[in-house]
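Q: My questions concern the predicted model and sequence given below.
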2 protein chains.
Amino acid sequence: MNASKQQILQGALRCFIEKGVEHTSIADIRDSSGISVGSIYHHFGNKDGIVVALFLAGMQDHEARQIAALETADSAEAGVKAIVRCYIDWICEHPDWARFVFRSRTLVENSAQAHLNREQKKAHFLRLKEWFAPHMEQGTLRRLPFEAYHALLIGPAQDFAQRWLAGITRNELAEFRELFAQAAWQAVKVQD
Amino acid sequence: MNASKQQILQGALRCFIEKGVEHTSIADIRDSSGISVGSIYHHFGNKDGIVVALFLAGMQDHEARQIAALETADSAEAGVKAIVRCYIDWICEHPDWARFVFRSRTLVENSAQAHLNREQKKAHFLRLKEWFAPHMEQGTLRRLPFEAYHALLIGPAQDFAQRWLAGITRNELAEFRELFAQAAWQAVKVQD
DNA sequence: GACATAACTAGAATATAATTCTAGAACGAG
DNA sequence: CTCGTTCTAGAATTATATTCTAGTTATGTC
């Protein structure tokens, strides 16, 4: 990737975190990155293009970690819990990044490049599915549509994380790591 | 509330649903509502003001139903499940409204009137808390910080609902009603 | 190495949309 | 009735996204 493209992304992210996407102008990004308006449009087409690029990069980073975490898991329980812990850890380590991803999600979904996101997400879902399928076959995990898995595993952590990132809650996200991991396992394991 | 204020809100909602908040101009709202630009600004200060007003109205509608649902519940289990079902039902009945609420949430949180939302949400949380507290005392519900409850009850349904509203999933939201209600109860009941 | 072509950069020009301003109309309290 | 306040209207202003034009640098080909 081009050097000035990188600079634009870095400058834009600084602005987005500081003042929010909607209150960041192209002029702000020019000043923060030192790259001209013309170049910005040359590389990204429009403002949404920058948001989408940053969003996808963030998701990719997180998804890669998630896959890595799954690879070391040697049981259904370990895998399920790894996903939840990995999700929470990533948010704790990159709160600004996470805040940006949450805030810009709907913008990405409505953008002209929404298909990029859909494709990336679909590919990731497929990888996860592959990992989970054998455990369903073996009867250690409930037989559910995969999307229900996603909801049951990530849903609670996601809801709490958004509150935490907004600074509304006094509780620490990390404190709930094991609670949510355990709850996820409870929700998807085959009951004895 | 003033008649033209109502007209503005109705016109704005039509536009927001049809073309999305960010692609709706004040001129669009003027045309759709028949109220002049001057009046719009007089009543709502700026575009965000309209979004916030619509958002709070939506939340209020949903919160009122949630409280009503709780009032008829005569056990911890019934209450927990009522919350989840009520959440899913509301979304199924008002998908446009729900889509708008999800999409504009972050805008509301970043707006100048964000405090209105925080206050309304806090008041609602307090009411929910009051309902849950006795059951924790009696030992039928786990002793958890209230925010963990919210995450465990609503989180999964919320995650799936967003996917459903975006039209990404083939599965029907309503089909998961009981699954998520049951999972919520599993997550917060005191294990036997 | 010289040329052609494409990729890139810059900043001015334009277009679009939010917001403010000014003046007047409707309304309500006294 | 009449003064002050709220409300309405649309023009004027301002802010910001996007496009345009011209020049610059890199890249590949003979």
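A: Structure received. No experiment lies behind these values; they were computed from the predicted model shown.

Q: hmm, stretch A:109-121 in reach of DNA strand D?
A: No. Contact between stretch A:109-121 and DNA strand D is absent, the nearest approach being 9.5 Å (criterion: C-beta under 7 Å from any atom of the strand). Every residue, glycine included, has its C-beta placed from N, CA and C.

Q: Same question for stretch A:26-38.
A: Yes. Residues of stretch A:26-38 contacting DNA strand D under C-beta under 7 Å from any atom of the strand: A:26-27, A:37-38.

Q: which one of the residues you listed has the most neighbours?
A: When neighbours are taken as other C-beta atoms under 10 Å in any protein chain shown, the top entry among these is residue A:26 (16 neighbours).

Q: And for the closest residue to DNA strand D within chain A, the neighbour number?
A: Across chain A, the shortest distance to DNA strand D (C-beta to the nearest atom of the strand) belongs to residue A:25, at 3.0 Å. If you count neighbours by other C-beta under 10 Å, residue A:25 ends up with 12.

Q: repeat for residue A:80
A: Based on other C-beta under 10 Å, the number of other residues close to residue A:80 is 27.

Q: Which of the helices or strands spans it?
A: Secondary structure assignment for residue A:80, by DSSP states H and E: helix A:76-93.

Q: Which neighbouring elements make contact with that helix?
A: helix A:47-71, helix A:114-137, helix A:146-165, helix A:177-188 (3 or more C-beta pairs under 8 Å, 6 or more residues apart in numbering or on different chains; DSSP states H and E).

Q: buried set for the following helix or strand past that helix?
A: Per DSSP H and E, helix A:76-93 leads on to helix A:95-110 as the next helix or strand towards the C-terminus. Buried positions in helix A:95-110, judged by neighbour count with 16 or more other C-beta atoms under 10 Å in any protein chain shown: A:97-110.

Q: Same check on stretch A:35-44?
A: Buried residues in stretch A:35-44, counting neighbours by 16+ other C-beta under 10 Å, are found at A:35, A:39-40, A:43-44.

Q: Quickly check: it near DNA strand C or not.
A: Yes. Using C-beta under 7 Å from any atom of the strand, stretch A:35-44 comes into contact with DNA strand C via A:35-39, A:41-43.

Q: So which of the residues you listed are in helices?
A: A:37-39, A:41-43 (DSSP state H).

Q: The residues you listed into a markdown table, with extra columns for distance to chain B and pLDDT?
A: As requested, these are exported to a markdown table (distance: C-beta to the nearest C-beta, whole Å; pLDDT from 0 to 100):
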| residue | distance to chain B | pLDDT |
| --- | --- | --- |
| A:37 | 20 | 98 |
| A:38 | 24 | 97 |
| A:39 | 24 | 97 |
| A:41 | 18 | 98 |
| A:42 | 23 | 97 |
| A:43 | 22 | 97 |
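
Q: which two in those residues are spaced the farthest apart?
A: Greatest spatial distance in those: A:37 and A:43, 11.2 Å, computed using C-beta to C-beta.

Q: Write out the residues of chain A neighbouring DNA strand C.
A: Residues of chain A lying near DNA strand C (C-beta under 7 Å from any atom of the strand): A:2-5, A:35-39, A:41-43.

Q: Let me know the closest of the residues you listed to residue B:12.
A: Looking across those and measuring by C-beta to C-beta, the closest to residue B:12 is residue A:41, at 30.5 Å.

Q: Just give me the residue right at the centre of chain A.
A: Central residue of chain A (C-alpha atoms, centre = their mean): residue A:59, 4.3 Å from the mean position.

Q: show me what contacts that residue?
A: A:101, A:117, A:120-121, A:124 (C-beta atoms under 8 Å, 6 or more residues apart in numbering or on different chains).

Q: how far is the helix or strand bottoming out on mean pLDDT in chain A from where the chain is centred?
A: In chain A, no helix or strand scores lower on mean pLDDT, DSSP states H and E than helix A:95-110, which sits at a mean of 92. Centroid separation between helix A:95-110 and its chain, computed with C-alpha atoms, centre = their mean, to the nearest Å, is 8 Å.

Q: CA atoms only for that helix, dumped as PDB, please.
A: Only the C-alpha atoms of helix A:95-110 are listed here, as PDB (Å, rounded to 0.1, in the frame of the first residue of the first chain):
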ATOM      1  CA  PRO A  95     -10.700   0.900  22.700                       C
ATOM      2  CA  ASP A  96     -10.400   3.800  20.200                       C
ATOM      3  CA  TRP A  97     -10.300   1.400  17.300                       C
ATOM      4  CA  ALA A  98     -13.300  -0.500  18.700                       C
ATOM      5  CA  ARG A  99     -15.200   2.600  19.300                       C
ATOM      6  CA  PHE A 100     -14.600   3.700  15.700                       C
ATOM      7  CA  VAL A 101     -15.700   0.300  14.400                       C
ATOM      8  CA  PHE A 102     -18.900   0.200  16.400                       C
ATOM      9  CA  ARG A 103     -19.800   3.800  15.400                       C
ATOM     10  CA  SER A 104     -19.100   3.400  11.700                       C
ATOM     11  CA  ARG A 105     -20.700   0.000  11.200                       C
ATOM     12  CA  THR A 106     -24.000   1.400   9.900                       C
ATOM     13  CA  LEU A 107     -22.300   3.900   7.700                       C
ATOM     14  CA  VAL A 108     -20.300   1.100   6.100                       C
ATOM     15  CA  GLU A 109     -23.400  -1.000   5.600                       C
ATOM     16  CA  ASN A 110     -25.100   1.900   3.800                       C
END
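
Q: contacts for that helix?
A: A:13, A:16-17, A:20-21, A:48, A:51-52, A:54-56, A:58-59, A:61, A:90-91, A:114, A:117, A:161-162, A:165, B:20, B:22, B:102-103, B:106, B:110, B:166.
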